[in-house]
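Undergrad: Need a 3D model of the sequence below.
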Amino acid sequence: MAQGIFDDIQPVRRPAPVERPGSAPVRRPPAAAPAVSPAAPMEAAPEPQAPGMFDDIPMQQEQVGMLEDVAKSAGSGLVKGGIGLATLPGTVEQLGRMGVNYVGEKLTGQPDTVSKDSILPGYRETKQFVEDKITGPLYKPKTTAGEYAGTIAEFAPGVLFPAGAAGGLAARVGLNVVAPAVASETAGQMTKGTSYEPYARLAGGLVGGMLPAIGGRAISPGATDPTRRRMGDVLAREGVELTAGDRTGGQTLRYAESVSQTTPFAGRRLTQVKQQQGEQFTRAALSRAGIQADRALPEVIDQGFQRLGNMFQQVGGSAMVALSAPLQQRLSTIVRNYERITEPSLVNPLPRSIIDDITGLVQQATTAGAPPALDGARYLAWRADIGQAARGTTDARSQRALYDIQRVLDDAAESYLRTTNPRLAPQMAQARREYRNLLAIERASLGAGEGAALGLISPAQLAQATKTVHGSRNYARGRGDLAEMSRAGVALLQPMPQSGTAPRALLGGIGSAIGLGMAGPAGALTGAAAGAAGQAIAGRVLGARPVQAYLGNQLAAPVANMQTGSRMGALPGATASSNDPLEVTIRPDADAVRKRALAEQLMRR
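TA: Model (predicted):
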């Protein structure tokens, strides 16, 4: 070989590394082989190298379509869920041992109060056995859709557990399978690759069935049942303003509103709302009798009767009451029932005398060859006398019998007008309805108490009067213009059993007690003042319109009142979902992505 131009240059020799005592031995690289061996061909095959720790990392993942990945992941998830269900007793045992050891360590400072080893088979070892002996390695999802499909399948055994009170199939699927699975997988996606992932998946699976109700409560904290919501809507349509406590019925909130109404410097809004409710409810009741007024004072009631009397005179004069056999039978039945249930000494003779008068009129008409009937003038006279007698009696049974007789005559008169004068029939029906409502309002206005004296009708007084005048059966069935409104008022507008003095004194006493304990008598005064100031501030905040609107809104009430899933039903799926990430630390070859990240970290050093 010819001499090269740089052959006279001596290579630089680096000193050999010094091995210090106690340090790890220095790994020296093997001597480099000559570039060309005289005894070998020009292109010799490379010598085999020892396998590296990252050689099993796939350079490119298997390409799988999304639908295929979803199907395979679901099948794998069903197997995992079945394993979770089969090992549920072992999971419960393991959780119990963990709880006992945690409490024991907190109380005694000594770990492992009981052994950590479970007697019953657990999820991981059972899954390993299934993969080794039966199925082989279970399929791992390649796409996000596949991961969600696999997790939902893992939670499928939850359908075997009840969900809430009803526990129907749809509720079990939604609350024990879909909701916890989606929550678990979402939590896992958010913490993917971190040490928190297994715990996030477990927590998401256990609380996922409660998430709809929790979210609904966050939007509507005072969500109530459909019946109370419907009654609140009834009063709102009548123009009655409700507080958040009225709408929700929450005892704590209602007491807080009651306390704020009598707390100095707590604002006047809640007080004004409660004061206006009496007038608004009274106006709503009076409107059912065609009266526009805020208070049922005597002159207002009297004007209402005069107006209705004029309406009857204008319309009833054109009516006629045919004294047919069915009408006579109805009247006779009313009188017989009245006399049967009433003591002889208390029987009012007027109902029987009406029957006798009608019998006489029928005989006279039959003798004269004319149809038996009451003309308009006689009908109005009879009607007025019967109504006056009914309002004047104090016996509920006599009053009911008289009003029933009056109603039978009115039915006959209205029927006649519908046939002969359809234009007057609606006016007759309106006058009858308003008159019937005014009778109940009149009776309600006679109640005892300051409010009744001031012309305010309470819901309880109106409900009782409606039962008496319109009949308890009609009230129970919700028939009539006043039944629904009075029932809603009783349910939502009743005052608290006490004015809130005891809760207010308790809150003030807490401040005094804290101040007394910290700084003696002077501190007690400071604490009491601080407690009073806190109540005033809380009252102003509670009465603010945005706060009232938020606390009383029912936008998400149906969701907030949803049933919650079974935590035991979600446990098999949560166990399967949370154990897959744990396997990464137990078997490093199960997750190539993590190993690749570790390799990159080593290469940077």
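Undergrad: Report the buried residues of whichever strand or helix holds Tyr416.
TA: Here Tyr416 sits within helix 396-420, counting by DSSP states H and E. Across helix 396-420, burial judged by 16 or more other Cβ atoms under 10 Å covers 397-406, 408-410, 412-417. Bear in mind the C-beta positions are built from the backbone N, C-alpha and C, glycine included.
Undergrad: Show me the shaky parts of the stretch 301-450 of the chain.
TA: Judged against pLDDT under 70, the stretch 301-450 of the chain has no low-scoring part.
Undergrad: Let me know the next secondary structure element after the helix holding Tyr416.
TA: Next helix or strand after helix 396-420 toward the C-terminus (DSSP H and E): helix 425-444.
Undergrad: orientation of that following helix relative to helix 396-420 in degrees?
TA: In terms of direction (axes from the mean of the first three to the mean of the last three Cα atoms, to 10 degrees), helix 425-444 departs from helix 396-420 by 170 degrees.
Undergrad: Show me what helix 425-444 is packed against.
TA: helix 269-287, helix 298-316, helix 396-420, helix 459-470 (3 or more Cβ pairs under 8 Å, 6 or more residues apart in numbering; DSSP states H and E).
Undergrad: Looking at these, spot the one closest to Ala223.
TA: Closest approach to Ala223 among the helices and strands packed on helix 425-444 is made by helix 269-287 (21.2 Å; Cβ to Cβ).
Undergrad: How far off centre is that closest one?
TA: Relative to its parent chain, helix 269-287 has a centroid offset of 28 Å by Cα atoms, centre = their mean, to the nearest Å.
Undergrad: Any chance you could list what contacts it?
TA: Residues outside helix 269-287 that contact it (Cβ atoms under 8 Å, 6 or more residues apart in numbering): 235, 238-243, 257, 260-261, 292-296, 300, 304, 437, 441, 444, 451, 455-459, 462, 482, 485-486, 489, 493, 539, 542-545.
Undergrad: go again using 6 Å as the cut-off
TA: Applying Cβ atoms under 6 Å, 6 or more residues apart in numbering, the contact partners of helix 269-287 are 238-241, 243, 257, 260-261, 293-296, 441, 456-457, 462, 489, 493, 543.
Undergrad: What's the ChimeraX syntax to select whichever of the residues you listed are buried?
TA: Buried residues within those, by 16+ other Cβ under 10 Å, are selected in ChimeraX with:
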select :238,240,243,257,260,261,293,294,295,296,441,456,457,462,489,493,543
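Undergrad: Save the helices and strands packed on helix 425-444 as JSON lines, and put in distance to Asn101 too.
TA: Converted to JSON lines, those look like this (distance: least, Cβ to Cβ, whole Å):
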{"stretch": "helix 269-287", "distance to Asn101": "52"}
{"stretch": "helix 298-316", "distance to Asn101": "76"}
{"stretch": "helix 396-420", "distance to Asn101": "72"}
{"stretch": "helix 459-470", "distance to Asn101": "58"}
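Undergrad: looking at the ones you listed, which is closest to Leu169?
TA: Taking those one by one with Cβ to Cβ, helix 459-470 is closest: 41.9 Å.
Undergrad: Give the other helices and strands that that closest one contacts.
TA: Packed against helix 459-470 by the contact rule (3 or more Cβ pairs under 6 Å, 6 or more residues apart in numbering; DSSP states H and E) you find helix 425-444, helix 483-492.
Undergrad: give me that answer again for 8 Å
TA: Counting by 3+ Cβ pairs under 8 Å, 6+ apart, helix 459-470 packs on helix 396-420, helix 425-444, helix 472-476, helix 483-492.
Undergrad: how about the helices and strands packed on helix 425-444, which one is nearest Gln554?
TA: helix 269-287 (17.9 Å).
Undergrad: quick one: contacts of the host helix or strand of Pro558?
TA: Pro558 belongs to helix 557-560 when assigned by DSSP H and E. Helix 557-560 is contacted from outside by 212-213, 215-217, 219-220, 223-224, 226, 229, using Cβ under 8 Å, 6+ apart.
Undergrad: my hunch is that Leu446 is in a helix, does that hold up?
TA: No - under DSSP: H, G, I helix; E, B strand; the rest coil, Leu446 falls outside any helix and is assigned coil.
Undergrad: quick revisit: let me have the contacts of helix 557-560 in CSV, extended by secondary structure and neighbour count.
TA: Formatted as CSV, these follow (DSSP: H, G, I helix; E, B strand; the rest coil; neighbours: other Cβ atoms under 10 Å):
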residue, secondary structure, neighbour count
Pro212, helix, 20
Ala213, helix, 20
Gly215, helix, 14
Gly216, helix, 19
Arg217, helix, 17
Ile219, helix, 15
Ser220, coil, 22
Ala223, coil, 22
Thr224, coil, 19
Pro226, helix, 11
Arg229, helix, 17
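Undergrad: pLDDT check: weakest of these?
TA: Among the contacts of helix 557-560, Pro212 carries the weakest pLDDT, at 81.
Undergrad: So for the nearest residue to that residue once chain neighbours are set aside, what's the pLDDT?
TA: Using Cβ to Cβ, 6 or more residues apart in numbering and skipping residues adjacent in sequence, the residue nearest Pro212 is Met562, 5.1 Å away. The model reports Met562 with a pLDDT of 76.
Undergrad: Now do the contacts for Met562.
TA: 164, 175, 212-213, 216.
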